[in-house]
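Engineer: show me how the following folds:
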Amino acid sequence: MMKRNLILLYILFCLTNIQLFGQNNAENRIIKVDYNKTSGALNTMFKECIGAGRANEGLRADWQQQLAMTKKECDFKYIRMHGLLSDDMAVYREDSKGNPEYNYQYIDALYDFLLSIKIKPFVELGFMPNALASGSQTIFWWKGNVTPPKDYKKWEDLIRNLAQHFTERYGAEEVKTWYFEVWNEPNLTPGFWTGTQAEYFKLYEYAARGIKSVNPAYKVGGPATAGAGWVPETIDFCVKNNVPLDFISTHTYGVKQGFLDEFGTTGTVLNKEESSVSGDVINSRKQISNSAKPNLELHYTEWSSSYTPADPVHDSYHSAAYILQKLKQVGNAANSMSYWVFTDIFEEPGPRFTPFHGGFGLLNTQGIKKPAYFSYAFLNKLGETELQNKDSSSWVTKNKKGDVQLLFWDFTNTHPGDSVNNQSYYIKDLPSQPKGSVKIEIDGLQKGNYTLEIYKVGYKVNDAYADYLALGKPSQLNREQVQKIKEKNNGALIATEKVTINAKGTYSKVYKMNENDVVLFNLVKQ
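Structural biologist: Numbers count the residues shown, from 1 in each chain. Sure, this is the predicted structure:
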């Protein structure tokens, strides 16, 4: 009897430990690095460029205030936007005899501001001024004309005159650092372009020659396509016709179907595929490498989880980990990944009527920081040198002062699948579930005293949308409500710890994680 009981106890012990150890193996992970083993300078392609809706919105005081804050905290180098040549920027008209008249006063006001805060323009050349357009078809509430020019020579003259104006105002050395991108998503017809592919290439050729006639060193590229389209075709056209091409630009989004939906009425589903977004980028790099111009720069001038400014995934805490996961997967494949966009001051479907509506922005209209904002703010806190690191969901860096930064996250796509749209899923309260622990081990540290600073984004931590839900999703926020949400979601430290490193030079810590947590450790040498 005693022997049988012992056997039963042994079996129970084994089953219990199989379950416990199985959980550990499935959920726990180790981030182990050595302070002295580096992989080179940190690739900062993630902050090379950021998007904005349209040029005219950039003349607003609140837009400028938000961009100045974003520049300070996230340090984007370039900004790209639509509508630079649209009629609300008052760039082009013709006199009674059909002679062109140019005016750059609005552009000057915008670009002067950008350069004053040390952001350079990634110049998108579009849309067509109505006086130069061959038709009347427009896109968006603000009516960007999407037809080819009625006269390609006049189009070339406009682009040449614009480039000459930039040269005179800002100097050739400055403008040499800019990028000139021809049009936006011409493969989405008739949405963004009523012409054919051949007509887009003609538009591109005339614009490129106009820019290069001012200064051969100015950088021009395209095709700025949706869904990573037309990359080999663009290169082939330029090579065969001896047309200048300095970079490839294209776009990708992380949902499963469609390309254009200003109002979010079609319904989107966050793609479950691991290679969503990053697969497109890596493939574009392969297409360039296999082409006659294998060394072209690759700029993804739009990317996000979803292509509609009415998708609540943009407001959700899930977006913070999503952004980091996709950027990490891209690696060195792109020269820039321009998140679309920095603010919900964005009027493609017209002015929005609620403070949270699934807008693209890292910030909402009132300048409330969404969880996605902190992905970029935390990335900007990383050091200059990356440490060797086998973990696929983290960056570990050090700076010149001897501090170590560890940015790590869990990305779990909890979306239930094709039967449910983002528009009905991400508007809910979605508590995060435990995902085990991360064991962190840093070797090779100098002996001495340190302070560990801990920052975090996750469910109800720097999660402004959760606070908005808790208020009952009011259609308007009063001043006090805005201030309280901003104060609660300001990205401040959630904890600090005193750390002493002994002669062995090793620091270790176990940190419990939940789904879609984003955590930044900054180990500061005293």
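
Engineer: which helix or strand contains the nearest residue to residue 76 once chain neighbours are set aside?
Structural biologist: Excluding the flanking residues, the one nearest residue 76 by C-beta to C-beta, 6 or more residues apart in numbering is residue 50, at 4.1 Å. To be clear about C-beta, it is placed using only N, CA and C from the backbone, and glycine gets the same treatment. Following DSSP states H and E, one finds residue 50 within strand 49-54.

Engineer: tell me what that strand is packed against?
Structural biologist: Strand 49-54 sits against helix 61-74, strand 78-82, strand 297-304, strand 336-339, with contacts defined as 3 or more C-beta pairs under 8 Å, 6 or more residues apart in numbering; DSSP states H and E.

Engineer: out of these, nearest to residue 192?
Structural biologist: When the helices and strands packed on strand 49-54 are compared by C-beta to C-beta, strand 78-82 sits nearest residue 192, at 9.3 Å.

Engineer: can you pull the contacts of residue 221?
Structural biologist: Residue 221 makes contact with 179, 180, 181, 182, 245, 246, 247, 248, 249, 296, 297, 299, according to C-beta atoms under 8 Å, 6 or more residues apart in numbering.

Engineer: where do the helices of the stretch 101-250 of the chain begin and end?
Structural biologist: All helices of the stretch 101-250 of the chain, identified by DSSP state H, counting those that start in this stretch, fall at 105-116, 152-170, 172-175, 197-214, 231-240.

Engineer: which parts of the fourth one are buried?
Structural biologist: Neighbour-count burial for helix 197-214, with 16 or more other C-beta atoms under 10 Å as criterion, is recorded at 197, 199-208, 210-212, 214.

Engineer: picking up where we left off before, for the helices of the stretch 101-250 of the chain, which one sits closest to residue 460?
Structural biologist: Taking the helices of the stretch 101-250 of the chain one by one with C-beta to C-beta, helix 105-116 is closest: 35.4 Å.

Engineer: what angle separates the closest one from strand 78-82?
Structural biologist: 160 degrees (axes from the mean of the first three to the mean of the last three C-alpha atoms, to 10 degrees).

Engineer: alpha carbons only: can I get helix 105-116 in CSV?
Structural biologist: Backbone C-alpha positions of helix 105-116 (Å, rounded to 0.1, in the frame of the first residue of the first chain) are rendered in CSV as follows:
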residue,chain,number,x,y,z
GLN,A,105,4.4,82.3,-49.5
TYR,A,106,2.5,79.5,-47.8
ILE,A,107,5.2,76.9,-48.5
ASP,A,108,7.8,79.4,-47.1
ALA,A,109,5.9,79.8,-43.9
LEU,A,110,5.6,76.1,-43.5
TYR,A,111,9.2,75.2,-44.4
ASP,A,112,10.7,78.0,-42.4
PHE,A,113,9.0,76.6,-39.4
LEU,A,114,10.1,73.0,-40.1
LEU,A,115,13.8,74.1,-40.5
SER,A,116,13.5,76.2,-37.4
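
Engineer: what's it in contact with?
Structural biologist: Taking C-beta under 8 Å, 6+ apart as the rule, helix 105-116 contacts 55-56, 58-59, 64, 67, 79, 84, 89-91, 120-121, 166, 169-170, 174.

Engineer: residues contacting residue 413?
Structural biologist: 270, 272.

Engineer: which of the three states applies to it?
Structural biologist: coil (DSSP: H, G, I helix; E, B strand; the rest coil).

Engineer: how close does it get to residue 425?
Structural biologist: Distance, residue 413 to residue 425, by C-beta to C-beta, to the nearest Å: 11 Å.

Engineer: same check on residue 237?
Structural biologist: 42 Å.

Engineer: remind me which residues of this structure are low pLDDT?
Structural biologist: Low-confidence segments of the chain (pLDDT under 70): 1-27, 257-265.

Engineer: strands of the stretch 251-400 of the chain, start to end?
Structural biologist: In the stretch 251-400 of the chain, the strands defined using DSSP state E, counting those that start in this stretch lie at 297-304, 336-339, 385-387, 394-398.

Engineer: so which of these is the most surrounded?
Structural biologist: Of all the strands of the stretch 251-400 of the chain, strand 336-339 carries the top mean neighbour count, a mean of 26, counting by mean count of other C-beta atoms under 10 Å.

Engineer: which residues sit against it?
Structural biologist: So strand 336-339 is contacted by 45-46, 48-51, 78, 80, 122, 281, 299-304, 323, 327, 330, 362, 372, 376 (C-beta under 8 Å, 6+ apart).

Engineer: domains of this structure?
Structural biologist: As assigned by automatic domain parsing, the chain contains the domains 28-40+387-525, 44-385.

Engineer: tell me the most buried of those?
Structural biologist: By mean count of other C-beta under 10 Å, the domains of the chain have domain 44-385 as the most buried, with a mean of 20.

Engineer: end-to-end on that one?
Structural biologist: 11 Å (C-alpha to C-alpha, to the nearest Å).

Engineer: please apply the same query to stretch 141-160.
Structural biologist: In stretch 141-160, first residue to last residue: 29 Å (C-alpha to C-alpha).

Engineer: what's the answer for stretch 176-192, then?
Structural biologist: 28 Å.

Engineer: and stretch 98-106, by the same measure?
Structural biologist: End to end - C-alpha to C-alpha - stretch 98-106 spans 23 Å.

Engineer: residue nearest the centroid of the protein?
Structural biologist: residue 339 (2.0 Å; C-alpha atoms, centre = their mean).

Engineer: for that residue, give its distance to residue 314.
Structural biologist: Counting by C-beta to C-beta - residue 339 and residue 314 are separated by 10 Å.

Engineer: so what sits against both of those two?
Structural biologist: The contact lists of residue 339 and residue 314 share 304, 372, where a contact means C-beta under 8 Å, 6+ apart.

Engineer: residue 287 and residue 231 touch, don't they?
Structural biologist: Yes: the pair residue 287 / residue 231 is scored as a contact, 4.7 Å apart, by C-beta atoms under 8 Å.

Engineer: the residue nearest to residue 506 when sequence neighbours are not counted pairs with what?
Structural biologist: In space, and not counting its chain neighbours, residue 506 is closest to residue 443: 5.2 Å by C-beta to C-beta, 6+ apart. Beta bridges link residue 443 to residue 34, judged by DSSP bridges.

Engineer: isn't residue 443 right up against residue 31?
Structural biologist: No: at 11.8 Å, residue 443 does not count as touching residue 31 under the criterion of C-beta under 8 Å.

Engineer: ok, residue 408 - contacts?
Structural biologist: Contacts for residue 408 were tallied using C-beta under 8 Å, 6+ apart; they are 31, 391, 393, 394, 395, 438, 440, 518, 519, 521.

Engineer: now the closest residue to the fourth one other than its chain neighbours, what are its backbone angles?
Structural biologist: Using C-beta to C-beta, 6+ apart and skipping the chain neighbours, the partner closest in space to residue 394 is residue 408 (3.7 Å). Note on residue 408: its backbone torsions stand at phi -140, psi 160 [degrees, to the nearest 10].

Engineer: and what of residue 406?
Structural biologist: The phi/psi pair for residue 406 (degrees, to the nearest 10) is phi -130, psi 110.

Engineer: that one against residue 396, yeah?
Structural biologist: Yes: if you go by C-beta under 8 Å, residue 406 and residue 396 touch, sitting 5.0 Å apart.

Engineer: now do the shared contacts for those two.
Structural biologist: 31, 442.
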